[in-house]
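Q: give me a 3D structure for the following:
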Amino acid sequence: MQLTIRHETRYTYSLPLAYTIQQLHLTPRIEPQQHVLSWQLSAPGHLHAYTDAYGNLSHMMTMETPHQTLSIVATGVVETTAPERGRVPSGDTQSPLIFTVPTRLTAATPGIQELAASCLPDGQAMTRDLMSLAEHIFGAVRYQSGATAVSTTASDALALGQGVCQDHAHLFLACCHAHGIPARYVSGYIDPGNTGHAASHAWVDAWADDKGYAGWVSIDVTHARLMSDAYCRLAIGRDYDGAAPVRGVRRGGGTESLSVDVQIVPQ
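A: Predicted structure coming up:
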C-alpha cells in the first residue's frame, strides 16, 4: 500500500515568543516493512537532523527570533507492506530489556497489576496472550477524544475508563512491564478508514515468545488488532514523552493555541 501523508502542527500565541525549541519525530523510521518514496519536513528556524538512541530519525528545531505563530509541516509518500502476523523484524543493537523499565506514564498500580494478571503470564507471553490483553484494555477504556491529555498516566486512564490511543498504549505497556515483558511505545500514522479515529496514531510493540519465534509483535491496542500495511511508523520509545511527533519548550508567548491536521490518502 502507498500512503500519502500530510501532517501540519500549528501553534498560535497571544504574545510574541523570544525562543522555541522542539524535538521532532516526523520522519518515518527505516524498517523492512516501510519504504519512504518521498518525504519533506518544513519548519522555521534552524533544523538539526540526528538519529536518537532508539534509531528514530529526529530533528531538533530552534527558533531564536521573535515570533507569534509557528507551523511545522511534514509531507510525503510511504510504501508499506503488512508484517506477517504483526512481527516486526528487529535490527536493534539494544537489549529488549530496556523496554521493561516503567516510566511516570506507565507505572503499575494495583488496578493495573490486576488487569495484567488476568491476561499475562510472568516473564514472557505468546502473541495470543498479548492480544488478549489488548482486547481487555479495549473493553476497559472506551475511546473518547478529549477525555485525557498527554500527561495522563496509565492508571488515571484506567480509573477514568476512557481515553485515546496513547492511553491504550500506556496501559498496555504498564501491564507488560508489571510482568517483566518488554514492550515499547510506537508513534505514527494510520489510514483511519471509516473508524472515525485520528490519523495520527499510537500503538505498541511487545516481545512475544511464540513457538519458533521470539521477537517484537506490533499491536494496535485501540483496535485490538495486529499492525497491517495501513500503518506508518515514525518513532519508538518507552512512552509518549520519548516518541512524540512534536514536543518542546518555549520562552514567552502568553497563551498557546494548538491545531493539528493530519491527512492520509491510501492508494
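
Q: mind checking how far the lengthiest strand in the chain is from the chain centre?
A: In the chain, taking DSSP state E as the definition, the longest strand is strand 2-24. How far strand 2-24 lies from its chain's middle: 18 Å, per C-alpha atoms, centre = their mean, to the nearest Å.

Q: show me what the next helix or strand after it is packed against.
A: Sequence-wise, the next helix or strand beyond strand 2-24 is strand 34-42, with elements assigned using DSSP states H and E. Under the contact definition 3 or more C-beta pairs under 8 Å, 6 or more residues apart in numbering; DSSP states H and E, strand 34-42 sits against strand 67-80. (C-beta placed from N, C-alpha, C; glycine too.)

Q: partner strands of the strand it packs on and their direction?
A: strand 2-24 (antiparallel), strand 34-42 (antiparallel) (DSSP bridges).

Q: return the shortest one as CSV; C-alpha atoms alone will do.
A: Spelled out, that is strand 34-42. Extracted in CSV, the C-alpha atoms of strand 34-42 (Å, rounded to 0.1, in the frame of the first residue of the first chain):
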residue,chain,number,x,y,z
GLN,A,34,8.0,0.5,5.0
HIS,A,35,9.9,2.4,2.3
VAL,A,36,9.9,6.2,2.0
LEU,A,37,9.3,7.2,-1.6
SER,A,38,9.4,10.9,-0.8
TRP,A,39,9.5,13.0,2.3
GLN,A,40,9.8,16.7,3.2
LEU,A,41,9.9,18.4,6.5
SER,A,42,9.2,22.2,6.6
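
Q: now do the one residue sitting closest to the centre of the chain, the pLDDT please.
A: Central residue of the chain (C-alpha atoms, centre = their mean): residue 187, 2.3 Å from the mean position. Note on residue 187: pLDDT of 98.

Q: for it, give the beta-bridge partners.
A: Beta-bridge partners, per DSSP bridges, of residue 187: residue 202, residue 235.

Q: hang on, isn't it packed against residue 27?
A: No: with contact defined as C-beta atoms under 8 Å, residue 187 does not count as touching residue 27 (11.7 Å).

Q: identify the contacts common to these two.
A: By C-beta atoms under 8 Å, 6 or more residues apart in numbering, residue 187 and residue 27 have these common neighbours: residue 234.

Q: deepest of the strands paired with strand 67-80, which one?
A: strand 2-24 (a mean of 18; mean count of other C-beta atoms under 10 Å).

Q: any idea which element residue 204 lies in?
A: Going by DSSP H and E, residue 204 is part of strand 200-210.

Q: and that strand, what does it pack against?
A: Using 3+ C-beta pairs under 8 Å, 6+ apart: strand 200-210 touches helix 127-140, helix 165-178, strand 183-190, strand 213-220, strand 231-237.

Q: in whatever helix or strand comes next after the last one, what counts as buried?
A: The reference is to strand 231-237. Later in the chain than strand 231-237, the nearest helix or strand by DSSP H and E is helix 240-243. Going by neighbour count (16 or more other C-beta atoms under 10 Å), the buried part of helix 240-243 is 240, 242, 243.
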